[in-house]
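S.K.: structure of the sequence below:
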Amino acid sequence: MQPMKRITPILCFLFLIPLVTLSQDTLPGGATPKTKKSALELVAGYGVTLGDYAQTDPNSDKAGYAANGLQIQLTYDWMGTHDLGLAIQYTFQKNSLKPEAESVYPEGVHDSTCFLGPGAWNNNYLMIGPVYMKYFGRILLDVRVMAGGVISSGRTFTTTNPSTRDNNSNTATGFAFQCAAGVGYRMSDHFTLKVQLGYLAAWPVKKRQYGSELTGYEEHFDPNTGTYIQTPVYSAPAEYIIKKTISVFSPGIGLVFKF
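M.R.: Down below sits the predicted model:
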């Protein structure tokens with residue numbers, strides 16, 4: 001319920017803006033709005049985790065232990081001819097880890113005191129793609145397909161340095177994809193409220209290598225010389241490759257500002 005508490009003030013804000021400006025910007029009856037080539041969108045949604053992202057099997061390297069959470073996206077749309085355009089979108093997504101993660105070691109960790117949970121996935125997306133936006137009177141139809149990259153962080157990508165035994169936080173990167181469709185109602189010449197259904201998937205990967213490092217010395221007695229000899233001890237090199245899959249269905253509500 002915590003993500004919903006965070007979304008509620010955002011939704012109230014989205015509703016208030018067009019209502020405040022409606023009295024100053026209402027279209028006269030029968031008037032046709034001027035063609036506007038650009039739009040800014042702010043959409044807040046609830047991310048429902050799916051597939052491996054929501055899986056809690058401790059024997060699976062693909063398990064993400066992700067609970068449902070908050071998703072917010074900011075989009076710039078540039079519209080060309082025939083109601084087709086190009087969209088550039090930033091999305092922030094946060095999913096807390098499920099309680100089952102509190103008894104699981106991160107994949108790249110060899111520390112018996114370090115557990116995956118409690119914690120959260122924090123995902124930042126930057127995507128670009130074609131968009132179709134068409135008004136039928138006051139009703140807006142919006143369809144888009146986006147592709148780009150994701151930067152993902154959280155305990156899921158923690159690794160252990162074999163020489164120092166320190167646990168290192170990491171960020172993973174990968175390909176991201178989204179398809180979404182929305183229906184809106186034009187409140188004024190500039191503002192449209194819309195509801196949106198979307199599916200967002202990504203494949204973050206973290207690769208980290210640790211070289212062989214000096215960890216100390218071992219002392220040996222040499223019977224031939226009658227002296228003690230110190231021999232250096234090195235850690236074994238290590239390489240971690242952590243691959244995860246993000247899969248989220250996200251209903252949301254937002255505001256479109258055309259200019």
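S.K.: show me where this structure has helices.
M.R.: Under the criterion DSSP state H, the chain carries helices at the ranges 2-25, 51-54.
S.K.: which stretch in these is the model least sure about?
M.R.: Mean pLDDT is lowest for helix 2-25 out of the helices of the chain, coming in at a mean of 47.
S.K.: need the distance between the two termini of stretch 44-54.
M.R.: 21 Å (Cα to Cα, to the nearest Å).
S.K.: touching that stretch from outside, list them.
M.R.: Stretch 44-54 is contacted from outside by 3-4, 7, 10-11, 14, 60, 62-73, 93, 95, 98, 196, 198, 200, 244-254, using Cβ atoms under 8 Å, 6 or more residues apart in numbering. To be clear about C-beta, it is placed using only N, CA and C from the backbone, and glycine gets the same treatment.
S.K.: pull out the buried positions in it.
M.R.: For stretch 44-54, a neighbour-count test (16 or more other Cβ atoms under 10 Å) marks 44-50, 52-54 as buried.
S.K.: now these in a markdown table, with distance to Ser235?
M.R.: A markdown table is the format used below for the buried residues of stretch 44-54 (distance: Cβ to Cβ, whole Å):
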| residue | distance to Ser235 |
| --- | --- |
| Ala44 | 47 |
| Gly45 | 46 |
| Tyr46 | 45 |
| Gly47 | 40 |
| Val48 | 43 |
| Thr49 | 37 |
| Leu50 | 40 |
| Asp52 | 32 |
| Tyr53 | 34 |
| Ala54 | 36 |
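S.K.: most widely separated two among the residues you listed?
M.R.: Using Cβ to Cβ, these span at most 25.4 Å, a distance reached by Ala44 and Asp52.
S.K.: which residue ranges of the stretch 101-250 of the chain form strands?
M.R.: Using DSSP state E, counting those that start in this stretch, the strands of the stretch 101-250 of the chain run over 120-136, 139-153, 159-160, 167-168, 171-186, 191-210, 214-222, 227-234, 238-243, 246-258.
S.K.: which elements pack onto the third one?
M.R.: With contacts defined as 3 or more Cβ pairs under 8 Å, 6 or more residues apart in numbering; DSSP states H and E, the secondary structure elements packing on strand 159-160 are strand 167-168, strand 191-210.
S.K.: ok, now which ones touch the residue most central in space within the chain?
M.R.: Nearest residue to the geometric centre of the chain (Cα atoms, centre = their mean): Asn123, 2.5 Å. Counting by Cβ under 8 Å, 6+ apart, Asn123 makes contact with 91-95, 150-152, 202, 204, 246.
S.K.: tell me the bridge partners for it.
M.R.: Counting by DSSP bridges, Asn123 forms beta bridges with Gln93, Ser152.
S.K.: how much space separates it from Gly117?
M.R.: Using Cβ to Cβ, to the nearest Å, one gets 17 Å for the distance from Asn123 to Gly117.
S.K.: please apply the same query to Leu74.
M.R.: 29 Å.
S.K.: got it, and Ile253?
M.R.: As defined by Cβ to Cβ, Ile253 lies at a distance of 30 Å from Gly117.
S.K.: over to Leu70?
M.R.: Counting by Cβ to Cβ, the gap from Leu70 to Gly117 is 18 Å.
S.K.: buried ones among the contacts of Asn123?
M.R.: Buried, going by 16+ other Cβ under 10 Å: 91, 93-95, 150-152, 202, 204, 246, out of the contacts of Asn123.
S.K.: flag the shaky bits of the protein, pLDDT-wise.
M.R.: 1-35 (pLDDT under 70).
S.K.: same thing but at 50, please
M.R.: Applying pLDDT under 50 to the chain picks out residues 1, 3-4, 8, 10-11, 13-27, 30-32.
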